[in-house]
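Undergrad: Sequence first, predicted model second:
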Amino acid sequence: ETGVTQTPRHLVMGMTNKKSLKCEQHLGHNAMYWYKQSAKKPLELMFVYNFKEQTENNSVPSRFSPECPNSSHLFLHLHTLQPEDSALYLCASSQGEGKVTEAFFGQGTRLTVV
Amino acid sequence: AQKITQTQPGMFVQEKEAVTLDCTYDTSDQSYGLFWYKQPSSGEMIFLIYQGSYDEQNATEGRYSLNFQKARKSANLVISASQLGDSAMYFCAMREGEFAGSGYSTLTFGKGTMLLVSP
């Protein structure tokens, strides 16, 4: 069982809908990330939160809005998405401080925008 | 320019044989870390192995070993004695700056290699 849990696993939404993706980690990590995985493209980093503060936003459109209420939870709020936003959205967490450690990933949310 | 290059879109191997998945990287940093992840059809990215740029020995984790050739900027993954459960996508990734002084580490991923293990 993974230490990083994402819900829902699958989501189909219309372009005018508003939905949220949830990520939860029980690993005691300080940093959490959202990645987007589109078909035939490398994973793209979207957002980074470190100690609940957003530290990176990789030119992500404003229709994606992250929220990190505490170090264990991370949300991605979605509104007025486009069909090209259909992808696997992966959440990850890592220790953060000190020597680089691996990031632990959730199983992802498969998003389809219709 | 791509920072992580995986030139093999797909690889086939028979069960119990060894297989090498290629990865080359591009960085001007002296300090960096290299990772391999496995992604089965379920979607989760599973960490396999890590190599730091200053590590003198090649990393090993069970059946996984990393053939690190710093001068060539390559970090190939070797899977020994392949198993049917090894069939998955494999991603090479890099973190520039081995020490996460900033408190977090962002990874740059390659496009991945699909490995299929046949009986």
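TA: Received the coordinates, thanks. What you are looking at is a predicted structure, and each value in this text was computed from that prediction instead of being measured.

Undergrad: So which residue is dead centre in chain A?
TA: Of all residues in chain A, the one closest to the mean position by C-alpha atoms, centre = their mean is A:W34, 2.9 Å from it.

Undergrad: Which parts of chain A are strands?
TA: Here chain A has its strands, by DSSP state E, at A:4-7, A:10-13, A:18-25, A:31-37, A:44-50, A:53-57, A:64-70, A:73-79, A:87-94, A:104-105, A:109-113.

Undergrad: oh sorry, the question was meant for chain B
TA: Remark: strands assigned in chain B by DSSP E are B:4-5, B:10-14, B:19-21, B:24-25, B:32-39, B:46-52, B:60-61, B:64-69, B:74-79, B:88-96, B:108-109, B:113-118.

Undergrad: Mean pLDDT and mean neighbour count added to those strands, as JSON lines?
TA: Every residue, glycine included, has its C-beta placed from N, CA and C. Below are these laid out as JSON lines (pLDDT from 0 to 100; neighbours: other C-beta atoms under 10 Å in any protein chain shown):
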{"stretch": "strand B:4-5", "mean pLDDT": "96", "mean neighbour count": "20"}
{"stretch": "strand B:10-14", "mean pLDDT": "96", "mean neighbour count": "13"}
{"stretch": "strand B:19-21", "mean pLDDT": "98", "mean neighbour count": "19"}
{"stretch": "strand B:24-25", "mean pLDDT": "98", "mean neighbour count": "20"}
{"stretch": "strand B:32-39", "mean pLDDT": "94", "mean neighbour count": "24"}
{"stretch": "strand B:46-52", "mean pLDDT": "93", "mean neighbour count": "19"}
{"stretch": "strand B:60-61", "mean pLDDT": "94", "mean neighbour count": "12"}
{"stretch": "strand B:64-69", "mean pLDDT": "97", "mean neighbour count": "18"}
{"stretch": "strand B:74-79", "mean pLDDT": "98", "mean neighbour count": "22"}
{"stretch": "strand B:88-96", "mean pLDDT": "93", "mean neighbour count": "23"}
{"stretch": "strand B:108-109", "mean pLDDT": "92", "mean neighbour count": "21"}
{"stretch": "strand B:113-118", "mean pLDDT": "97", "mean neighbour count": "17"}
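
Undergrad: Dump these to TSV, plus distance to A:Q6.
TA: What follows is the strands of chain B, written out as TSV (distance: least, C-beta to C-beta, whole Å):
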stretch	distance to A:Q6
strand B:4-5	24
strand B:10-14	27
strand B:19-21	26
strand B:24-25	28
strand B:32-39	14
strand B:46-52	14
strand B:60-61	25
strand B:64-69	25
strand B:74-79	26
strand B:88-96	18
strand B:108-109	18
strand B:113-118	23
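
Undergrad: and of these, who's closest to A:S59?
TA: strand B:108-109 (15.2 Å; C-beta to C-beta).

Undergrad: Is chain A within reach of the closest one?
TA: Yes - using C-beta under 8 Å from any C-beta of the partner chain, strand B:108-109 comes into contact with chain A via B:T108, B:F109.

Undergrad: and that strand, what does it pack onto?
TA: The contact analysis (3 or more C-beta pairs under 8 Å, 6 or more residues apart in numbering or on different chains; DSSP states H and E) places strand B:108-109 against strand B:88-96.

Undergrad: if we go to 10 Å?
TA: The contact analysis (3 or more C-beta pairs under 10 Å, 6 or more residues apart in numbering or on different chains; DSSP states H and E) places strand B:108-109 against strand A:44-50, strand B:32-39, strand B:88-96.
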